[in-house]
Structure formats: structure tokens, C-alpha cells
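Trainee: Next input, structure requested:
(chains A and B)
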Amino acid sequence: MLGYIVRRVLATIPVMGVVALFVFSLLYLAPGDPAAVIAGDQASPEQIALIRASLGLDRPFLVRFGEWAWRIAHGDLGTSIFTNLPVAHMIAQRIEPTLSLMLLTLVVSLLIAVPLGVLAAARQGSTVDRVVMLLAVLGFSTPVFVIGYLLAYVFALRLDWFPVQGYVPLAGGFWPFLRALILPAATLGGIYIALIARITRASMLEVLSQDYIRTARAKGLGQRAVLFVHALKNAAVPIVTVVGLGVALLIGGAVVTESVFAIPGLGRLTVDAILRRDYPVIQGVVLLFSFAYVVINLLVDLLYTLFDPRIRY
Amino acid sequence: MSARLPGDAGEALAEALPELLSPPRRRGAVGGFIHRHPGIAAGGALVVLMAAIAVFAPILGTVDPTALAPARRLRPPSAMYWFGTDMLGRDVYSRVIYGARVSLVVGFAVAVLASLLGTAIGLVGGFVRWLDALLMRVMDGLMSIPSILLAIALMALTRGSVRNVVIAITIAEVPRVARLVRGVVLGLRELPYVEAAVAAGTRSPMIILRHILPNTLAPLSVQATYICASAMITEAILSFIGAGTPPIIPSWGNIMAEGRALWQVKPYLVFFPAAFLSVTVLAVNLLGDGLRDALDPRLARKL
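Mentor: Okay, the predicted model is just below:
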């Protein structure tokens, strides 16, 4: 078991290495002089030279990558070209709203999607099943900002239940914090709920056709005990996998959701950085999100053994 | 109908049996197809409709979608301006109709390019053992960057253009196709008929062309539809946050981005492009689900 964990952790190192190399070389994949591209159209030659020197563009590629990776490993993500602040510092300032939004979305989505999926599987072919599957297709097809504007229009502008935009930090009280996050979380959760409900249904249908489910029913267990104790636990591995993989959707969706609801998080930081061509910030955010994604999926892999003791590597 | 005929007492005639099973209704070729594959029919029809809108945009009662008219700014939807006008006085209806072109071109181009590139990489990975590990590590690395972020990062450095958007989204989508094709290839390689072809001395290119590629087509076409849908959403997101097609081009993402500042007072600025985008993506997804059900009946029952 311990050997498996160690091997699995070690296996993520090359993946993270590829990610780092890619994020680093993005700057050099672009056509033209990266310093000129970063400086923008109105830059003077002196400004371009300054940026070139600050990026160390005059030295060999691998040397620069080595130095860059070394600094990253020590928590130094470089300095923003626009604000001259350390990127790590800027990210730390913006991480609370994004983390709150994603965690709330994750928890609420799971609480909604898993029961829906179980229900749809338990009554396969019924109206409930059809409605859930229809909602799943709609959830997949409606872009995040469409859901966002629709919810904001109905529940904030028309009904005035929630604030239209903005973010209240947790320090400003729990209820105001939650009230401001509910619409963004519902927006971000749409596609995630669709994804998880769908895989829960598929996985449950697979399990419900097994012999031990019939045995459980034969010995007189109630429907709820069969579904949630016997079946769901055995259906958990694919569900947990998709929960982990779906975090990529949450990350991408957070960028848009934060724009729609004017939440000052990492997504807004990214969008602002793009408009200013502040490349160290973009690199920092992409790297952070990607590493978080890899670590989450590593944890998911390790979780498998909890749900299925047969998995012993 | 009476059970007894007059005159012959004692003999009973059985009552006519009620029709338990209605005779199989005859359907024409088209009707039968719609009945068997409702998803493909509905999705396909909508996609064709959108494509027609894109192609015939100039003759659908549109004006120049970029024509400014400061005197007619922010008119609400009316008989004259079906979807209203935006803050520069441009006709939103014309912009939305022309916007279909950008979305469909990006979606289609990315689906085709990502399929071709991904198939090439997947075939190499599945056939060239020593390259496989390296290629797949690179694909794993790319896949662990959330695809929208990857596209954003790529777009941040290049100038916004439809071509660059297509390239950026393609790079983000290729790993999934490569993984899929490689998986299919590795499975097929073990099958007796492929082994027989190898034993018979068939060269690898011929094996790929004759035995491998045809078998990847079904899962590949399903995947390509999903990629098309996801590429259209990604394009709109990129344009929406200002990293996509240049603002001069009326794409749905751009129209929404421009309407954003005023959407609380003029919701129609965002509503119409949003509705068109959602319906188009829904159509492509329905087509994909339908294709998947038709091509893989085993999976259809479950998902």
C-alpha cells in the first residue's frame, strides 16, 4: 500500500515536469520576439530591451528553464510586468474568493448530482430518469456565462433575492458571504452537476444489475439501504474519478463565472493579465491551477482503495 | 358483430379477436430514421439549419454587422431592429446571424484538425513502442492543464484572430483524441485478425489503413462531435474574456462581451447571442449522443 502511494506520487513528477516545461516554453512558442509581444504595440525599443533583460532572454533555453523551475520550486513565481509585485503575492491576495467559490460549488454539486443520478438509475426509463437525463444534456450544452446571466437576471435583477454582482469575504460575516456566492456557485455547478449525475446514473445501473443487489433485496433490505449502502459504495470508483477530472471544468468555468459576477478572484486576475499581456502572472496562474488539478487527481487515485478494498497495487 | 348466425342454433362463431398488436406501421425511409435515431435527426436538423443561417447570412434580412450608427444606439428589439441595436448602433440581429459563421467555422475546424492530429499521434503511440511512453507523458502533461486555461495561455501571446483561436483550441483538444485512438489501437493489435495480418507479412502502413483506421472511425466521429461542441463554447469564452477573435469580428462571444457592461438595463444585448450559442451547442451535443447510441448500442443503454 505504502509502496503504491510512493510510486503513484513519484509518477506525477514527470507530468508536472511536462506541465512546467510547456508553461515555460509558451513564451517562446509564440511567433516573433517574446519581449516585443509582451511589451505590446506601443512599446519603445528601450522598454523592449528592458523586458528582454528582465526575462533573461539572452541566455540558453535550458539554462533559463532550469533557473525558472528552481525558483518555482522555492515558491518564487516571478514578478508581474504590470504591477511589479511578486506573482505569488498577487495570487495569495486573490485565492480566497476562487477557493470559496470552487469548494461551495463542489459540495453543493455533489449533494445535488449524486442523489439525482441514484434516483434516475433506480427508476430507469421513468419520467424522473428522462427529466434528469434531459437536464444533464442541457447542463452540458449551456455555456457557463449563459447560465450566469440567466440566473442573475431572474434571481438578482427580477426577484432581488441575491446581490447581482460582487464578493463578500468570509471575514465580513458568513451569511453575506454565502448570499453573494450562491448564484456564482449555481452558475459554475451547472455543467459539473450534469457530468456527475450522468456518471452516477451509469455507474449505478452497472452495479444494480449485480447478483449481490438481488441478494440484498431478497433478504429484505429496504430500497434506501440497497441504493445508498450497498450500491452507491460499489459504484463510487467511476464517480470519484469523474469528480476529480471534472475539476478542470470548475477551473475553466471559474474564470468566466468571476467575470460575470465581478468576483475579484484568480479568474479575474487571469483575465486582467491577458488584457495587459502580463505573462508572468498568466504562467503563475496556469501553473498553480494545473498542479492543483494533478494533485486532486492523485488524491482521487489514492481514494480508490477506500471504496474498493480489492484495489491493492 | 353477433356471435350467432340466425338459423344454425348450437354452432357458435368465435368473436373476432381484438387487435392486440397494431400491425407494424409503415414508415418511409426518413420517418424510420427519425424514429430510430431521434437525437441524430433533431441535432442534425438544427446543425443544418445553423449552417444554412451562417451560409445565407447576407440574404437573411441582415445589414452590414459592423456598420456604426451612433444616432440609433441601444434601440430595443422592434420590427425594424429585430434584436435591437447595441451601444454603437449596430444591428444586433445582423451581428448574431453573422456570428454563426465564426462559431461553426471554429467548431468544425477544431473538430477536424484535432481528429487528424490526435489520430496521427495515437497511431504512432500505438505502433511505435519506444515513442509511446514519451508521447503519452507529453499528452498527460497537456491534459493536466485545464483546456480553457491552456487555450487562454496560448491566446494571450498571439494576436487575436480566428486562425489563432482554432490553433489554440486544437492544441488543447488533441490529447484526448490521441489517448482515445491509442487505446483503440492497443486493443485492436491483440486481435487475431490483426495478428494474422502481421504473420502474413502485411506491412504496418497497410495494416493501419485496412484494419486499424476503419475501426477507430466510430469512436472518433463521436469524439469529434463533442470536440466541436466544446470548441464552440471555448471560442465564445475566449472572445467573452477578450482573448479570442478580434472585437471587429461579430462572434457570439464578442457580442456578449460588448453587451456585458449594459446587460442589467439591456438584457437583450446578451440574451440573443447566448440563446443562439446554447441552441447550436445543444444541437451538436444531441448529434453526438445520437451517434454514440447508434454506433455503440452496448453503451447506449447505460449512459
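Trainee: ok, then the element right after the longest helix along chain B?
Mentor: Counting residues, the longest helix found in chain B (DSSP state H) is helix B:92-127. Counting by DSSP states H and E, the element after helix B:92-127 in chain order, helix or strand, is helix B:129-143.
Trainee: Residues contacting the next helix or strand after that next one, please?
Mentor: Downstream of helix B:129-143, the next assigned helix or strand under DSSP H and E is helix B:147-157. By CB atoms under 8 Å, 6 or more residues apart in numbering or on different chains, the surrounding residues in contact with helix B:147-157 are A:23, A:26-27, A:29-30, A:34, A:37, A:248, A:251-253, A:255, A:270, A:273-274, A:277, A:279, A:282-283, A:285-286, A:289-290, B:142, B:145, B:164-165, B:167-169, B:171-173, B:230, B:234, B:237-238, B:241, B:243-244. For the C-beta atoms, the positions are set from N, CA and C on the backbone; glycine is no exception.
Trainee: got the angle between helix B:147-157 and helix B:129-143?
Mentor: If you take axes from the mean of the first three to the mean of the last three CA atoms, to 10 degrees, helix B:147-157 sits at 80 degrees to helix B:129-143.
Trainee: Now for the closest residue to chain B within chain A: which residues touch it?
Mentor: Chain B sits closest to A:Val18 of chain A, with a gap of 2.6 Å, by CB to the nearest CB. Neighbouring residues of A:Val18 by CB under 8 Å, 6+ apart: B:Arg137, B:Val138, B:Asp140, B:Gly141, B:Leu142.
Trainee: now swap in A:Val255 and tell me
Mentor: Here A:Val255 is in contact with A:Gly267, A:Thr270, A:Val271, B:Ile148, B:Leu149, B:Ile152, B:Ile237, B:Ile241 (criterion: CB under 8 Å, 6+ apart).
Trainee: Phi, psi for it please.
Mentor: With angles defined as degrees, to the nearest 10, A:Val255 sits at phi -60, psi -40.
Trainee: following the helix or strand containing B:Val194, which helix or strand shows up next?
Mentor: With secondary structure defined by DSSP H and E, B:Val194 is part of helix B:192-199. Using DSSP H and E, the next helix or strand after helix B:192-199 towards the C-terminus is helix B:204-207.
Trainee: how many neighbours does B:Val47 have?
Mentor: 20 (other CB atoms under 10 Å in any protein chain shown).
Trainee: how near is it to chain A?
Mentor: With distances taken as CB to the nearest CB, to the nearest Å, B:Val47 is found 13 Å from chain A.
Trainee: Read off the pLDDT value for that residue.
Mentor: Per-residue pLDDT puts B:Val47 at 86.
Trainee: residues contacting it?
Mentor: Neighbouring residues of B:Val47 by CB under 8 Å, 6+ apart: B:Thr280, B:Ala283, B:Val284, B:Leu287.
Trainee: Tell me the secondary structure at it.
Mentor: For B:Val47, the assignment made with DSSP: H, G, I helix; E, B strand; the rest coil gives helix.
Trainee: got it, and the one 3 residues further on?
Mentor: Reducing the assignment to helix, strand or coil with three-state DSSP, the entry for B:Met50 is helix.
Trainee: Can you report how many residues lie near the residue nearest to it when sequence neighbours are not counted?
Mentor: Of all residues not flanking B:Met50 in the chain, B:Thr280 sits nearest, at 5.1 Å (CB to CB, 6 or more residues apart in numbering or on different chains). By other CB under 10 Å, the residues close to B:Thr280 number 29.
Trainee: wait, isn't B:Thr280 in contact with B:Ser103?
Mentor: Yes: assessed by CB atoms under 8 Å, B:Thr280 is found in contact with B:Ser103 at 6.2 Å.
Trainee: Which neighbours do these two have in common?
Mentor: Common contacts of B:Thr280 and B:Ser103 (CB under 8 Å, 6+ apart): B:Met232.
Trainee: circling back to that earlier point, which other helices and strands does the helix holding B:Val194 contact?
Mentor: helix B:204-207 (3 or more CB pairs under 8 Å, 6 or more residues apart in numbering or on different chains; DSSP states H and E).
Trainee: thinking again about what came up before, and the contacts of A:Val255, which is closest to B:Gly253?
Mentor: B:Ile237 (6.6 Å; CB to CB).
Trainee: Make sure that closest one is actually in contact with A:Thr257.
Mentor: No: the pair B:Ile237 / A:Thr257 is not scored as a contact, 10.7 Å apart, by CB under 8 Å.
Trainee: show me the contacts for B:Leu286.
Mentor: For B:Leu286, the contacting residues are A:Val137, B:Gly39, B:Ile40, B:Ala42, B:Gly43, B:Leu46, by CB under 8 Å, 6+ apart.
Trainee: Which of those residues sits closest to B:Ser221?
Mentor: Distance to B:Ser221, by CB to CB, is smallest for B:Ile40 among the contacts of B:Leu286, at 11.4 Å.
Trainee: Many thanks, have a good one.
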